[in-house]
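**Student:** sharing a model that was predicted from the sequence below.
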Amino acid sequence: MNPVIRVAAEEWRYWRRSRLGLAASLVIVSVLLASALATWRQVAIERNQRAELQTTAENIFYDQPARHPHRMVHYGHYVFRTPPPLALIDPGVDEYTGAAVFLEGHRQNSATFSPAYSGPHGGSFVSLSPATVYQVLVPLMLIALGFSALARERERGSDLLLLAAPMSARGLWLGKTLALAAAAALVLLPLLAAVLSATGFALDGIALVLGYGLYLLGWVCLTTSVSARSRSSSNALAVLLSVWLAVCVVLPRIAASGAEVLLPVPSKIEADLAVAKAMRELGDGHNAADPAFEQLRANLLVQHGVDRVEDLPVNIRGVVAEAAEAEQKQVMDGFSEAYAQQEQAQAEAVRWSSFLSPLLAIRGFSTSLAGTDLAHRHRFLVEAEQARYQFVQDLNRIHASDLTYTDDIRRSSDAGAEQRTRVSPDNWRSLAKFRLTPDSLADRLSRGMPFFLLLAVFLALATGLGITARPAGVR
């Protein structure tokens, strides 16, 4: 038998005798299965609920009786973000950001109904997704299994016997590393099964598993490397636990808090007040006589060769509403884009911290591949706004073309005019339905590749630490 494989086999035998491997594996597998089942169930429920709610919201909107077009602008309707398939593995920011946006005229509403805050869902257990288990707890299991792999041999004095046989110090390290890597590979099997059930053999799912494999292999090499450089098992355990605590707990929190302090994002109240102040400086789209639209009225009169708005072939009130909505959109888009850039700046600051914490790297890679990162949320808001603007302007054009100005200004006092300003429901039943599709594979891979490269650097450094370690048997 190859000496390296023989060392790996003996390490597995030691784990069985000490029951350490069995206990650690049972704990991790139990937590992993519980988190996977909970996340799977919750995401599946939310996916079905959001799909049903989207259909219900559309049906309620489309089934409205004949109404004035501008009434339908204010009536509005909801659009929902359906979780992508790999959200079953890593819910990402979807867990804490809103899942629905209410579309209406003159406003860009925030996303609401966050899964983490709209119901109990098992309390804080909602955040213990399979991704969290693999990112935080599995490295701890690998440390528990491998911290004494080489330091134990030194304490027992068996390192000299091993090195006296046809075994080099590097081969001994490779054998111990191979044993721990095999344990990590076994732990990855549930993730692979979950990914295959969610996406089949799609490239994004396979890439996600490879990313986690690279991350865990980095922890494997780090664990055996520290063990090879330590004089005792207790020293190796202390160092590895300190590294785990810094990488998985302290640095991510410092990175997030630092980004919030150095690159603050205004609160929703502050943002809403700023938008409201800017909107007050625009003309009132409900008032065709507003001085802000004086030039628009003059241009229309000249264009159609008439002297009064009553003689125009279009309803000036609908034209003004359309123009006002376009101006308001420019203002609201400016604020929403600035807000998104501020959020993205915070995310970039945390991203740079991935150089110090491989957990941040795997988290960025995982959410990017799963389509549950901040970029996906921003795209949802952008596409929801496009849908809002499209349906509002379609109704404004109906207002301008299908209603006469005379009936429009008399509809509050004339029952006949009020009836004539109601348009057929067919006008909004033909409006486009909103469906958010996952980001393209190319986009997700592009966003995830820098994090993948950081994971590769982590693995290379951990491997180099082990290969260049002073052999445990050399005193």
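**Tutor:** That came through, no problem.
**Student:** burial measure for residue 73, as a count.
**Tutor:** For residue 73, the neighbour count with other Cβ atoms under 10 Å is 25. Heads up, the C-betas are built off the backbone N, CA and C, glycines and all.
**Student:** oh, that last question was meant for residue 230, not what I typed.
**Tutor:** Neighbour tally, residue 230, other Cβ under 10 Å: 23.
**Student:** just the one 4 residues further on next, same as before
**Tutor:** For residue 234, the number of neighbouring residues by other Cβ under 10 Å comes to 13.
**Student:** try the one 10 residues further on
**Tutor:** The number of residues packed near residue 244 is 19, by other Cβ under 10 Å.
**Student:** now do the host helix or strand of it: everything it contacts.
**Tutor:** Element membership of residue 244, judged by DSSP states H and E, is helix 233-245. If you take Cβ atoms under 8 Å, 6 or more residues apart in numbering as the criterion, helix 233-245 is touched by 139-140, 143, 147-148, 151-152, 155, 222-223, 226-227, 230.
**Student:** make a ChimeraX selection of the buried ones in these.
**Tutor:** Only the buried entries of the contacts of helix 233-245 go into this ChimeraX selection, using 16 or more other Cβ atoms under 10 Å:
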select :139,140,143,147,148,151,152,222,223,226,227,230
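**Student:** from the contacts of helix 233-245, which land in helices?
**Tutor:** Among the contacts of helix 233-245, the ones falling in helices (DSSP state H) are 139-140, 143, 151-152, 155, 222-223, 226-227.
**Student:** now, which of the contacts of helix 233-245 sits nearest residue 169?
**Tutor:** Using Cβ to Cβ, residue 227 comes nearest to residue 169 of those, at 12.9 Å.
**Student:** where in the stretch 101-250 of the chain is pLDDT low?
**Tutor:** 113-127, 157-167 (pLDDT under 70).
**Student:** contacts only, for the residue of the chain most remote from its centre.
**Tutor:** Seen from the C-alpha centroid of the chain, the residue lying at the greatest distance (Cα atoms, centre = their mean) is residue 307, 56.1 Å away. Residues near residue 307 by Cβ under 8 Å, 6+ apart: residue 301.
**Student:** ok but it is inside a strand, no?
**Tutor:** No. Applying DSSP: H, G, I helix; E, B strand; the rest coil, one finds residue 307 to be coil, outside a strand.
**Student:** any idea how far it is from residue 317?
**Tutor:** 18 Å (Cβ to Cβ, to the nearest Å).
**Student:** what's the helix or strand hosting residue 328 packed up against?
**Tutor:** According to DSSP H and E, residue 328 maps onto helix 316-352. Contacts defined by 3 or more Cβ pairs under 8 Å, 6 or more residues apart in numbering; DSSP states H and E place helix 316-352 against helix 69-75, strand 107-108, helix 251-262, helix 268-280, helix 294-304, helix 358-370, helix 374-402, helix 405-410.
**Student:** what about dumping the CA coordinates of the fourth one to CSV?
**Tutor:** Extracted C-alpha coordinates of helix 268-280, given in CSV (Å, rounded to 0.1, in the frame of the first residue of the first chain):
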residue,chain,number,x,y,z
LYS,A,268,-35.6,55.0,5.0
ILE,A,269,-37.2,58.0,6.7
GLU,A,270,-34.3,60.2,5.6
ALA,A,271,-34.5,58.9,2.1
ASP,A,272,-38.3,59.4,1.9
LEU,A,273,-38.1,62.9,3.2
ALA,A,274,-35.4,63.8,0.6
VAL,A,275,-37.5,62.4,-2.2
ALA,A,276,-40.6,64.2,-1.0
LYS,A,277,-38.8,67.5,-0.8
ALA,A,278,-37.5,67.1,-4.4
MET,A,279,-40.9,66.1,-5.7
ARG,A,280,-42.5,69.2,-4.2
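**Student:** ok and the helix holding residue 328 relative to helix 358-370, angle-wise?
**Tutor:** When axes from the mean of the first three to the mean of the last three Cα atoms, to 10 degrees is applied, the directions of helix 316-352 and helix 358-370 differ by 140 degrees.
**Student:** dihedrals phi and psi, the residue nearest to residue 11 when sequence neighbours are not counted?
**Tutor:** Of all residues not flanking residue 11 in the chain, residue 179 sits nearest, at 3.7 Å (Cβ to Cβ, 6 or more residues apart in numbering). Per-residue torsions, residue 179: phi -60, psi -50 (degrees, to the nearest 10).
**Student:** quick one, what contacts residue 179?
**Tutor:** Counting by Cβ under 8 Å, 6+ apart, residue 179 makes contact with 7-9, 11-12, 146, 149.
**Student:** can you add distance to residue 24 and give the helices and strands packed on helix 316-352 back as JSON lines?
**Tutor:** Output for the helices and strands packed on helix 316-352, formatted as JSON lines (distance: least, Cβ to Cβ, whole Å):
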{"stretch": "helix 69-75", "distance to residue 24": "58"}
{"stretch": "strand 107-108", "distance to residue 24": "50"}
{"stretch": "helix 251-262", "distance to residue 24": "23"}
{"stretch": "helix 268-280", "distance to residue 24": "44"}
{"stretch": "helix 294-304", "distance to residue 24": "73"}
{"stretch": "helix 358-370", "distance to residue 24": "19"}
{"stretch": "helix 374-402", "distance to residue 24": "34"}
{"stretch": "helix 405-410", "distance to residue 24": "74"}
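**Student:** least confident of the ones you listed, on average?
**Tutor:** For these, mean pLDDT drops lowest on helix 268-280, to a mean of 85.
**Student:** residues touching it, excluding its own?
**Tutor:** 106, 108, 110, 266, 328, 331-332, 335, 339.
**Student:** same check on stretch 66-75?
**Tutor:** The contact list for stretch 66-75, computed with Cβ under 8 Å, 6+ apart, reads 61, 64, 104-105, 318, 321, 392, 395-396, 398-399, 402-403, 411, 421-425, 427-428.
**Student:** before we move on, back to that, for the ones in helices among the contacts of helix 233-245, name the two members farthest from one another.
**Tutor:** Among those, 139 and 155 lie farthest apart (Cβ to Cβ), at 23.8 Å.
**Student:** returning to that earlier point: which of the contacts of helix 268-280 sit farthest apart?
**Tutor:** Among the contacts of helix 268-280, 106 and 266 lie farthest apart (Cβ to Cβ), at 21.1 Å.
**Student:** before we move on, the earlier item: would you format the contacts of helix 233-245 as CSV with distance to residue 45 included?
**Tutor:** Converted to CSV, the contacts of helix 233-245 look like this (distance: Cβ to Cβ, whole Å):
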residue, distance to residue 45
139, 30
140, 30
143, 35
147, 40
148, 44
151, 47
152, 47
155, 51
222, 38
223, 38
226, 43
227, 44
230, 47
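**Student:** and the two most separated of the contacts of helix 233-245?
**Tutor:** 139 and 155 (23.8 Å).
**Student:** next, the angle from the top helix by length along the chain to helix 374-402.
**Tutor:** For the chain, the helix that runs over the most residues, judged by DSSP H, is helix 20-62. On the basis of the same axes, to 10 degrees, helix 20-62 is oriented at 10 degrees to helix 374-402.
**Student:** what does stretch 417-425 contact?
**Tutor:** Under the contact criterion Cβ under 8 Å, 6+ apart, stretch 417-425 has outside partners 62-69, 398, 402-404, 406-408, 410-412.
**Student:** switch the cut-off to 6 Å
**Tutor:** 66-69, 398, 402-403, 407-408, 410-411 (Cβ atoms under 6 Å, 6 or more residues apart in numbering).
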